[in-house]
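[1] Curious how this folds, go ahead:
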Amino acid sequence: MKLMAKMSLVLYAIVALIHIVTCYFEEYDVVNHISKVLLMPLLILAVFLARAQMKYWALLIGALLFSWIGDVVLISDDESYFLYGLGAFLIAHIFYIVTFRKCKDDNHEIPMMKRYPLTAIAIGVAGAAMFFKIKDGLEAMELPVLIYTAIIITMAIQALNRHKKTTARSFELVMIGALLFMVSDSIIALNRFNEPIEYASMWIMLTYCAAQYLIVKGMMAAKPYEEF
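    From the prediction side, this is the model:
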């Protein structure tokens with residue numbers, strides 16, 4: 001099962017690379033759409049195959065499932081679908097928040113957020129700064145985007161709070177993944193509500209695919225299952 005889980009991760013990396021390349025070469029839109037639909041199922045398969053060695057694997061699958069729904073919904077260029085995609089990813093981040101909060105050791109270490117509050121504040125300030133940067137272009141989307149911003153900041157802070165509550169490898173991978181998720185969403189926000197960014201879809205999917213991979217890989221490396 002462990003080998004099959006690793007094979008699923010390798011397939012994910014290949015499909016992700018194909019998808020990112022086809023974001024650059026826009027004429028391959030069919031391949032682009034198919035590869036996008038396949039991304040999260042491959043990660044879900046990897047987690048399912050590794051479930052015997054993972055705590056709270058079902059919560060992680062929940063996050064990936066709603067991410068997949070968001071991916072599929074956002075394939076459409078219809079403006080009305082953006083809110084549905086935003087809602088799907090908001091639920092995905094709530095699953096991640098719960099997963100990160102549960103999947104840690106109670107080793108009586110003081111949480112990173114309490115020991116180094118400035119790090120958590122910096123994450124919050126970065127998220128708030130992005131919101132105020134795009135605020136004038138949001139119009140009717142202001143409240144949904146504000147709620148989403150608060151949730152993704154909370155997700156990143158929960159990832160931060162795993163510091164010394166799990167293996168160093170697990171913490172580092174998940175933390176980098178959470179920050180990359182914020183970067184990906186920031187590019188979406190700037191491109192959509194501020195001003196167009198050249199090759200935006202490529203940068204969005206590069207950071208997004210890396211974020212999801214690192215989070216899954218990091219959760220597989222959580223105590224006591226460092227062998228992943």
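[2] Can you tell me which helix or strand of this protein has the lowest average pLDDT?
    In the chain, the helix or strand scored least confidently by mean pLDDT, DSSP states H and E is helix 112-115, which has a mean of 68.
[3] Secondary structure class of residue 163, three-state.
    Put simply, residue 163 is coil when judged by DSSP: H, G, I helix; E, B strand; the rest coil.
[4] okay, now it: neighbour count?
    Number of residues near residue 163 (other C-beta atoms under 10 Å) recorded here: 20. C-beta here means a position set from N, CA and C on the backbone, and glycine is covered the same way.
[5] returning to what we had before: which other helices and strands does the very next helix or strand once past the least confident helix or strand of the chain contact?
    Where DSSP states H and E defines the elements, the next helix or strand beyond helix 112-115 is helix 117-134. Packing partners of helix 117-134 (3 or more C-beta pairs under 8 Å, 6 or more residues apart in numbering; DSSP states H and E): helix 112-115, helix 142-160, helix 168-193.
[6] want to throw those into CSV with distance to residue 208?
    Formatted as CSV, those follow (distance: least, C-beta to C-beta, whole Å):
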stretch, distance to residue 208
helix 112-115, 25
helix 142-160, 12
helix 168-193, 4
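[7] Next, format these as JSON lines and append mean neighbour count.
    Converted to JSON lines, these look like this (neighbours: other C-beta atoms under 10 Å):
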{"stretch": "helix 112-115", "mean neighbour count": "14"}
{"stretch": "helix 142-160", "mean neighbour count": "20"}
{"stretch": "helix 168-193", "mean neighbour count": "20"}
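[8] where does this structure dip in pLDDT?
    Residue ranges of the chain with pLDDT under 70: 1, 27, 104-113, 115, 223-228.
[9] mind running it again at 80?
    Low-confidence segments of the chain, defined by pLDDT under 80: 1-2, 26-28, 53, 77-79, 103-116, 223-228.
[10] Out of the helices and strands packed on helix 117-134, which is closest to residue 66?
    Closest to residue 66 of the helices and strands packed on helix 117-134 is helix 142-160 (C-beta to C-beta; 12.1 Å).
[11] Contacts for the closest one next, please.
    With contacts defined as C-beta atoms under 8 Å, 6 or more residues apart in numbering, helix 142-160 is touched by 83, 86-87, 89-90, 93-94, 96-97, 100-101, 112-113, 119-120, 123-124, 127-128, 130-131, 134-135, 138, 174-175, 177-179, 181-182, 185, 189, 193.
[12] what do you get for stretch 118-134?
    Against stretch 118-134 from outside (C-beta under 8 Å, 6+ apart): 112-113, 145-146, 149-150, 152-153, 156-157, 160, 179, 182, 186, 189-190, 192-194.
[13] Recalculate using a threshold of 7 Å.
    The contact list for stretch 118-134 (C-beta atoms under 7 Å, 6 or more residues apart in numbering) reads 112-113, 145-146, 149, 152-153, 156-157, 160, 182, 186, 189-190, 193-194.
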